[in-house]
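Chemist: Structure of the sequence below:
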Amino acid sequence: MFFQKKTKDNNSSDSEPDLWGREPLELYEKIGRPIERDPENPLRSSDGKPIQDFMVLFYKGKSDIRGVGGLLYAGEWINYGTKLYRVNTLLQQLELKELIIEELQLEESKFLVSQTRVDPRLHLFY
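Modeler: Residues are numbered from 1 along each chain as shown. Below is the predicted model:
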């Protein structure tokens, strides 16, 4: 009951090619525009801008962004299963959220953009 086997009947097969004949993304596969990093500080770009590290969670399964140029150009997207992408980008959190809404025509309630790093202000508590 809880672990229903995936079949073609319930439209949840991950091994079928998509509309354009592409195979599904492998786990941890990177897509998008690579960010050139500072050789001395991998958390900054080569021109000194901070690189933001986000998780983007899609509540009801994520969209395939391989055909969405605006998102691919925004940074490095790493496939984390059926609902998550990890994104390294030069955009701020609100900018990334607005770009996702615009490019994928989604409502804000359909996904979450979250920092992956611990807020440095929390060091006071441990």
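
Chemist: going forward, measure contacts and count neighbours with C-alpha atoms only.
Modeler: Will do.

Chemist: Name the residue closest to the centre of this protein, please.
Modeler: Nearest residue to the geometric centre of the chain (Cα atoms, centre = their mean): Tyr85, 2.7 Å.

Chemist: Hmm, Leu72 and that one touching each other?
Modeler: No - contact criterion Cα atoms under 8 Å: Tyr85 and Leu72 do not qualify, at 12.0 Å.

Chemist: okay, and for the protein, where does confidence drop off?
Modeler: 1-16, 18-19, 118-126 (pLDDT under 70).

Chemist: so where do the strands sit in it?
Modeler: Remark: strands assigned in the chain by DSSP state E are 30-32, 52-58, 75-79, 84-89, 111-115.

Chemist: can you redo the ones you listed as a markdown table with distance to Ser45?
Modeler: Listed next are those as a markdown table, based on distance: least, Cα to Cα, whole Å:
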| stretch | distance to Ser45 |
| --- | --- |
| strand 30-32 | 16 |
| strand 52-58 | 10 |
| strand 75-79 | 11 |
| strand 84-89 | 10 |
| strand 111-115 | 18 |
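
Chemist: looking at the ones you listed, which is closest to Gly67?
Modeler: Closest of the strands of the chain to Gly67 is strand 30-32, at 10.2 Å (criterion: Cα to Cα).

Chemist: That closest one: which residues count as buried?
Modeler: 30-32 (16 or more other Cα atoms under 10 Å).

Chemist: same thing with stretch 99-111?
Modeler: 99-100, 111.

Chemist: Dump that stretch to PDB, restricted to CA.
Modeler: The C-alpha atoms that make up stretch 99-111 are tabulated as PDB, following Å, rounded to 0.1, in the frame of the first residue of the first chain:
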ATOM      1  CA  LEU A  99      13.100  34.000 -11.900                       C
ATOM      2  CA  ILE A 100      11.600  30.600 -11.200                       C
ATOM      3  CA  ILE A 101       8.100  32.100 -11.100                       C
ATOM      4  CA  GLU A 102       8.700  33.900 -14.400                       C
ATOM      5  CA  GLU A 103      10.400  31.100 -16.300                       C
ATOM      6  CA  LEU A 104       8.300  28.200 -15.100                       C
ATOM      7  CA  GLN A 105       5.000  30.000 -14.700                       C
ATOM      8  CA  LEU A 106       4.600  28.700 -11.200                       C
ATOM      9  CA  GLU A 107       2.900  30.100  -8.100                       C
ATOM     10  CA  GLU A 108       5.100  30.800  -5.100                       C
ATOM     11  CA  SER A 109       3.200  28.200  -3.100                       C
ATOM     12  CA  LYS A 110       4.400  25.400  -5.400                       C
ATOM     13  CA  PHE A 111       8.100  25.600  -4.500                       C
END
